[in-house]
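**Student:** got a structure for you, letters missing:
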């Protein structure tokens, strides 16, 4: 079977506007949660989020093109440019019909939707932008990244809520393994810090209302957690067939060794309390990788009461009590909030860099561990580790589950 490796990465997050800035901030335990600045929150009971501050699309894109793209697509292009540059791939020497794009997003162009809906209601139908539909639709990011680089291979989007980028990366991996492409640009992007999204998540009691201490609001596995913090950003990876990378002289970061996907088939927002399918998705990815356990896990770790408890149970059931107890685990969301469709990709980038540097970032704000979350969640300080294998979990509303296993390349 064809092997699939990671050769490039790009990240745009609330704690760093590049891959390395993001990584250094994670290791330092930097917090990206603060008061919302993008709109007036005076009427909102939740007034915090993990925003990307001072983002100027004109820094990356011609002004005319930037105006015709929703914020979530702008993020995807920025992160994709960094990932492709990091991969060192020379497009002039490649068969671009064997290069594709899959980018996930949970919500897509919701900011554009809200803006144009206000114009429809407050002004007139004729004031709605002719670019409204292509700006809003969830496949816009994948399409625009393909246009950016002139790639004619497989191209589509994935929308499976918080598992979107996990599915996108997994599908990119499978496409290369099956010989349908040699290179896939894949990951996730999200820009949902908007009035409607904050109101919706607030009213379903999913997000933290710790407005007075935003830096302590996201606290996965802590007994005082009260919900996730909404974040925004993008994470993009370049996946490549191993021999293709070696022939062009590129040393890969690591190999994708296993991928699993399941569905709880239980409830639209709540995880299955038996953890049946969250357990099975971890087992599927480990089996494909030929492993029984890993050296490190990047947890989904949302900071919601149910998710953290069920994920803890699933890890124990999948790895066995003894292995689970010895496995270091951390939650990236403790610092960047929940990036929804971009979460899994940014977290997988953190996994890759953990393998590269032999260190795992901490879980911030883990001050009072929940007795039902009793694993080694690397509280508050980064830890040096020898990591030859690791995994990343993503679980989405609707019961969508993914797990990706990485292996170091000797």
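**Tutor:** Happy to help now that I have it. Since the model is a prediction, treat every value here as computed from it, not as a measurement. Numbering: from 1, shown residues only.
**Student:** Any buried residues in the worst-scoring helix or strand of the chain on mean pLDDT, and which?
**Tutor:** Ranked by mean pLDDT, DSSP states H and E, the weakest helix or strand in the chain is helix 63-67, scoring a mean of 94. For helix 63-67, a neighbour-count test (16 or more other CB atoms under 10 Å) marks 65, 66 as buried. C-beta: built from backbone N, CA, C; applies to glycine.
**Student:** what does the domain assignment say about the protein?
**Tutor:** 4-247, 255-407 (automatic domain parsing).
**Student:** Identify the residues contacting the least confident helix or strand of the chain?
**Tutor:** Outside helix 63-67, the residues that touch it by CB atoms under 8 Å, 6 or more residues apart in numbering are 57, 58, 60, 74.
**Student:** any chance you could map the strands in the stretch 1-150 of the chain?
**Tutor:** Per DSSP state E, counting those that start in this stretch, the stretch 1-150 of the chain carries strands over the ranges 4-12, 34-35, 48-49, 99-104.
**Student:** The residue nearest the centre of the chain: what secondary structure?
**Tutor:** The centroid of the chain falls nearest to residue 343 when counting by CA atoms, centre = their mean (2.2 Å). The local conformation at residue 343, judged by DSSP: H, G, I helix; E, B strand; the rest coil, is helix.
**Student:** wait, isn't it in contact with residue 165?
**Tutor:** Yes - using CB atoms under 8 Å, residue 343 is in contact with residue 165, at 6.8 Å.
**Student:** what is in contact with the two at once?
**Tutor:** 188, 394.
**Student:** Wait, residue 166 touches residue 404, no?
**Tutor:** Yes - assessed by CB under 8 Å, residue 166 is found in contact with residue 404 at 6.4 Å.
**Student:** Comparing the two, which residue is more hemmed in?
**Tutor:** residue 166 (35 against 27; other CB atoms under 10 Å).
**Student:** Give me the pLDDT for that one.
**Tutor:** Note on residue 166: pLDDT of 98.
**Student:** Show the contacting residues for it.
**Tutor:** Per CB under 8 Å, 6+ apart, neighbours of residue 166: 104, 160, 261, 344, 345, 348, 392, 394, 402, 403, 404.
**Student:** and of these, the nearest to residue 16?
**Tutor:** residue 345 (14.2 Å; CB to CB).
**Student:** and that closest one, how many neighbours does it have?
**Tutor:** 33.
**Student:** was I right about it contacting residue 238?
**Tutor:** No - here residue 345 lies out of contact with residue 238, judged by CB under 8 Å, at a distance of 11.8 Å.
**Student:** ranges for the helices of the stretch 201-350 of the chain?
**Tutor:** Assigned by DSSP state H, counting those that start in this stretch, the helices in the stretch 201-350 of the chain fall at 242-247, 276-289, 305-319, 321-326, 333-336, 343-357.
**Student:** now what about the shortest one, what contacts it?
**Tutor:** Residues outside helix 333-336 that contact it (CB under 8 Å, 6+ apart): 13-15, 25-26, 29-32, 50, 218-220, 228-229, 231, 233, 300-303, 339, 343, 346-347, 361-366.
**Student:** Residue 45 contacts residue 202, correct?
**Tutor:** Yes - Residue 45 is within contact range of residue 202, at 5.9 Å (criterion: CB under 8 Å).
**Student:** Report all helices and strands that the longest helix anywhere in the chain contacts.
**Tutor:** Determined from DSSP state H, the single longest helix within the chain is helix 71-87. On a contact count with 3 or more CB pairs under 8 Å, 6 or more residues apart in numbering; DSSP states H and E, helix 71-87 meets strand 4-12, helix 19-28, helix 140-149, strand 183-190, strand 233-241.
**Student:** which intervals of the stretch 1-150 of the chain have sub-threshold pLDDT?
**Tutor:** For the stretch 1-150 of the chain, no stretch is flagged by pLDDT under 70.
**Student:** Give the burial count for residue 95, as a bare number.
**Tutor:** 11.
**Student:** now it: how far from residue 150?
**Tutor:** 12 Å (CB to CB, to the nearest Å).
**Student:** Please apply the same query to residue 239.
**Tutor:** Distance, residue 239 to residue 150, by CB to CB: 18 Å.
**Student:** These two: who's more crowded?
**Tutor:** residue 239 (28 against 10).
**Student:** my guess is residue 105 meets residue 138, correct?
**Tutor:** Yes - counting by CB under 8 Å, residue 105 does reach residue 138; the two are 5.1 Å apart.
**Student:** Can you pull the residues that touch both of those two?
**Tutor:** Residues touching both residue 105 and residue 138 comprise 157, 159, with contact defined as CB under 8 Å, 6+ apart.
**Student:** Which one's more surrounded, the two?
**Tutor:** residue 105 (35 against 22).
**Student:** got the contact list for that one?
**Tutor:** Counted by CB under 8 Å, 6+ apart, residue 105 has contacts 72, 138, 141, 157-159, 164, 188-190, 340-342.
**Student:** same thing but 7 Å
**Tutor:** Shown in contact with residue 105 (CB atoms under 7 Å, 6 or more residues apart in numbering): 72, 138, 141, 157, 159, 164, 188, 189, 190, 341.
**Student:** For burial, what's the neighbour tally of residue 167?
**Tutor:** Residues within reach of residue 167, counting by other CB under 10 Å, total 26.
**Student:** err, residue 372, not the other one
**Tutor:** 13.
**Student:** got it, and the one 5 residues further on?
**Tutor:** By the criterion of other CB under 10 Å, residue 377 has 25 neighbours.
**Student:** for it, helix, strand, or coil?
**Tutor:** Following three-state DSSP, we place residue 377 in the coil state.
**Student:** Wait, it touches residue 367, no?
**Tutor:** No - using CB atoms under 7 Å, residue 377 is not in contact with residue 367, being 11.5 Å away.
**Student:** quick check, nearest of the contacts of residue 166 to residue 194?
**Tutor:** The closest of the contacts of residue 166, once distances to residue 194 are taken by CB to CB, is residue 104, at 18.7 Å.
**Student:** Count the neighbours of the closest one for me.
**Tutor:** With other CB under 10 Å as criterion, residue 104 counts 37.
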